[in-house]
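*Asks:* What follows is a predicted protein model with its sequence.
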Amino acid sequence: MYRFHALFALVLLALSFVSCGRDGDRPNVVLVTLDTTRRDFLSPYNDQASTPAIGRIAAGGATFENAYAPMTVTRPSHATMFTGVYPRTHGVLNNTYLLADERPLLAERFRDAGYRTIAHVGTGLFKTSSGFLRGFERTNPGDEKSRDATQGVERALASLRSGDGRPFFLWLHLFDAHFAYTPPVEYLPEGEWASRVPQVNHAALRAESEPRGGDVSRAFYDHARALYAAEIAHMDDALAKLDAWLLEAGLRERTVFVVVADHGEGFEQGIFFAHAPMITEPGITVPFIVRGPGIPPARHAELASLTDLAPTILALAGLDPLPDAQGRSLAPLFQGKPIEPAPAYFAYGAAITDEVLATKKRRVAKNEIRRRAFVSVDGERRTDLDPYRFHDGVIWDGWKLVVREDEPVALYDLRTDPQTLDNRIESEGERARDLALLRRDYLARIPESGDEAPPVLTEEEAARLRALGYMD
């Protein structure tokens with residue numbers, strides 16, 4: 001009898017460990033996506049920036065210095081974060097497309113693993129009908145958007161406080177940095193411009209640019225940047241409250257906290273605010289910060305993509321990866337192990353068709369956006385990028401190749417020319433051809449839905465890719 005009771009006690013003890021391992025040992029996960037946020041407006045990427053909360057989060061974890069968005073559009077980029085695949089594969093090519101029901105999502109993986117899944121989003125682009133809230137148990141009430149960062153964080157905290165003991169996966173999306181720039185009054189910069197133009201919206205842009213033939217003054221440009229920075233400061237203060245609550249609740253040490261952006265913003269090379277038709281570095285580079293248990297403070301120079309987000313988060317939570325993911329987990333880096341190098345692919349195009357914009361009102365709005373996509377600042381415009389033609393490209397080994405409608409048109413050395421002002425396509429013809437081949441091979445690995453099997457490389461082409469260090 002004693003042996004039976006002893007054995008029974010051991011079984012109960014073992015079951016308790018299994019239960020603890022299943023629920024108690026799983027980390028919580030907070031995913032913060034900052035809409036339209038340039039990484040150089042954040043302290044971890046620019047010593048002159050002032051975002052102390054994000055700075056503290058980065059100081060306690062991993063900061064990726066070379067992370068890229070696949071597209072400078074909100075829905076496509078978020079869809080890549082939630083699926084681990086590029087837009088050409090998940091099919092969300094602009095903000096009018098919906099996520100396909102059959103595509104497995106990050107939140108569904110967490111829900112199926114027993115997590116509480118919570119979403120609070122700052123834009124109507126992610127309403128229930130979009131497909132992006134699939135897998136979340138709790139979302140904004142009645143498809144309302146959280147109008148600003150403070151409200152978004154307060155709603156998120158209310159959801160977290162009503163927990164039931166299960167680990168949680170929280171997606172918090174903050175939209176404040178997106179145009180128009182309308183920071184709360186207490187964040188307005190000092191000076192004449194702040195009192196005269198407290199918001200830079202379409203009306204303010206029109207009033208400034210139309211009398212100047214599409215040009216804006218340097219003073220207006222600088223003011224718009226200051227308002228943009230103020231929006232980011234507001235988001236940072238809100239995140240400080242969320243992080244402080246995690247500490248007070250005793251959850252910080254067992255919570256994976258991720259801060260990323262879906263894409264950047266203009267303010268460079270003559271592009272004012274229209275981030276959608278951008279492939280310049282301020283548009284496609286993104287912050288990518290991960291703090292959590294087992295993640296030592298470090299800066300990582302490895303090339304990363306938002307396709308890597310879902311594989312990394314799931315690996316940190318000990319969950320199976322999503323099927324057919326095109327990204328890879330970055331988690332081995334946190335243990336001092338290497339990861340397989342991979343190029344970063346990017347694209348943009350005028351994918352909003354006239355059929356979608358069928359009404360006269362929408363056509364007018366489309367032309368307005370096109371007309372203002374590129375403006376000059378005091379007569380200076382430094383880009384020849386055409387917003388009406390499809391561009392894509394690849395980044396590899398410090399070089400960036402830009403292709404326009406299948407024709408290589410620009411090549412930049414990002415190590416010596418991070419502002420991409422010196423087009424080396426003529427002087428580096430062989431390198432451009434090698435990167436064009438790499439792009440072709442990589443596109444075959446990220447096919448469009450329903451594509452045939454990828455083309456087979458010739459031995460000569462494979463040898464060239466091996467010389468690039470891309471293929472084994």
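*Replies:* Thanks, I have the structure now. Residues are numbered from 1 along each chain as shown.
*Asks:* residue ranges for the helices of this protein, please.
*Replies:* With DSSP state H as the criterion, the chain has helices at 2-19, 52-59, 74-83, 87-90, 106-112, 149-161, 192-196, 202-209, 218-248, 281-284, 309-316, 360-372, 429-445, 459-467.
*Asks:* could I get those as CSV with distance to residue 341 and mean neighbour count?
*Replies:* For glycine as for every other residue, the C-beta is placed from the backbone atoms N, C-alpha and C. Below are these laid out as CSV (distance: least, Cβ to Cβ, whole Å; neighbours: other Cβ atoms under 10 Å):
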stretch, distance to residue 341, mean neighbour count
helix 2-19, 38, 10
helix 52-59, 23, 20
helix 74-83, 19, 26
helix 87-90, 20, 23
helix 106-112, 24, 20
helix 149-161, 36, 19
helix 192-196, 46, 12
helix 202-209, 42, 16
helix 218-248, 31, 20
helix 281-284, 19, 25
helix 309-316, 15, 23
helix 360-372, 37, 13
helix 429-445, 12, 18
helix 459-467, 12, 13
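*Asks:* Which of those sits closest to residue 42?
*Replies:* helix 52-59 (5.3 Å; Cβ to Cβ).
*Asks:* Beta-bridge partners for residue 400, please?
*Replies:* Beta bridges link residue 400 to residue 395, residue 412, judged by DSSP bridges.
*Asks:* Pretty sure it sits against residue 393.
*Replies:* Yes. Contact criterion Cβ atoms under 8 Å: residue 400 and residue 393 qualify, at 6.4 Å.
*Asks:* Name the residues contacting each of those two.
*Replies:* Taking Cβ atoms under 8 Å, 6 or more residues apart in numbering as the criterion, residue 400 and residue 393 both touch residue 410.
*Asks:* The closest residue in space to residue 182 that isn't next to it in sequence and residue 189, how far apart?
*Replies:* Take residue 182 and drop its neighbours on the chain: the residue closest to it by Cβ to Cβ, 6 or more residues apart in numbering is residue 199, 4.5 Å away. Here the criterion is Cβ to Cβ, to the nearest Å. By it, residue 199 lies 12 Å from residue 189.
*Asks:* Now do the same contact list for residue 300.
*Replies:* By Cβ under 8 Å, 6+ apart, the residues touching residue 300 are 62, 63, 64, 65, 330, 333.
*Asks:* same thing but 6 Å
*Replies:* When contacts are counted by Cβ atoms under 6 Å, 6 or more residues apart in numbering, residue 300 touches 62, 64, 333.
*Asks:* low-scoring pLDDT stretches of the stretch 251-400 of the chain, where are they?
*Replies:* Residue ranges of the stretch 251-400 of the chain with pLDDT under 70: 269-274, 276-277, 349-375, 381-388.
*Asks:* Tell me where it has strands.
*Replies:* All strands of the stretch 251-400 of the chain, identified by DSSP state E, counting those that start in this stretch, fall at 255-261, 285-286, 288-291, 298-305, 344-348, 376-377, 391-396, 399-404.
*Asks:* What pairs with the first one, parallel or antiparallel?
*Replies:* Pointing back at strand 255-261 there. According to DSSP bridges, strand 255-261 has these partners: strand 28-34 (parallel), strand 288-291 (antiparallel).
*Asks:* what angle do it and helix 74-83 make?
*Replies:* Between strand 255-261 and helix 74-83, the angle comes out at 150 degrees (axes from the mean of the first three to the mean of the last three Cα atoms, to 10 degrees).
*Asks:* quick one: strand 255-261 to chain centroid distance?
*Replies:* Offset of strand 255-261 from its chain centre (Cα atoms, centre = their mean, to the nearest Å): 11 Å.
*Asks:* ok, now the last one?
*Replies:* Taking the mean of its C-alpha atoms, strand 399-404 sits 20 Å from the chain's own mean (Cα atoms, centre = their mean).
*Asks:* before we move on, the earlier item: verify the contact between the residue nearest to residue 182 and residue 184 for me.
*Replies:* No. Judged on Cβ atoms under 6 Å, residue 199 makes no contact with residue 184 at a distance of 11.0 Å.
*Asks:* who has more neighbours, those two?
*Replies:* residue 184 (15 against 12; other Cβ atoms under 10 Å).
*Asks:* contacting residues for that one?
*Replies:* Going by Cβ under 6 Å, 6+ apart, residue 184 touches no other residue.
*Asks:* From residue 140, how far off is it?
*Replies:* Applying Cβ to Cβ to residue 184 and residue 140 gives a distance of 20 Å.
*Asks:* Ok, residue 314 next?
*Replies:* Residue 314 sits 24 Å away from residue 140, going by Cβ to Cβ.
*Asks:* Then residue 426?
*Replies:* For residue 426, the distance to residue 140 equals 51 Å [Cβ to Cβ].
*Asks:* again, but for residue 252
*Replies:* 25 Å.
*Asks:* Name the residue in the two with the higher neighbour count.
*Replies:* Taking other Cβ under 10 Å, residue 252 and residue 140 do not tie; residue 140 has more neighbours (23 against 18).
*Asks:* Per-residue pLDDT of the closest residue to the more buried one other than its chain neighbours, please?
*Replies:* Spatially, and ignoring its direct neighbours in sequence, residue 140 is nearest to residue 120 (5.7 Å; Cβ to Cβ, 6+ apart). On the pLDDT scale, residue 120 is placed at 95.
*Asks:* just residue 100 next, same as before
*Replies:* pLDDT, residue 100: 90.
*Asks:* what sits against it?
*Replies:* Neighbours of residue 100 in contact, by Cβ under 6 Å, 6+ apart: none.
*Asks:* what about the residue nearest the centre of the chain, distance to residue 109?
*Replies:* Nearest to the geometric centre of the chain sits residue 262, at 2.6 Å (Cα atoms, centre = their mean). With distances taken as Cβ to Cβ, residue 262 is found 20 Å from residue 109.
*Asks:* With residue 267 instead?
*Replies:* Taking Cβ to Cβ, one finds residue 267 at 37 Å from residue 109.
*Asks:* Let me see the contact set for residue 200.
*Replies:* Neighbouring residues of residue 200 by Cβ under 6 Å, 6+ apart: 181, 224, 227.
*Asks:* ok, those vs residue 278, which is closest?
*Replies:* Proximity of those to residue 278 (Cβ to Cβ) peaks at residue 224, which lies at 16.1 Å.
*Asks:* can you pull up the bridge partners for the residue nearest to the closest one when sequence neighbours are not counted?
*Replies:* Nearest non-adjacent residue to residue 224, counting by Cβ to Cβ, 6+ apart: residue 200, 4.5 Å away. Residue 200 forms beta bridges with residue 181, as assigned by DSSP bridges.
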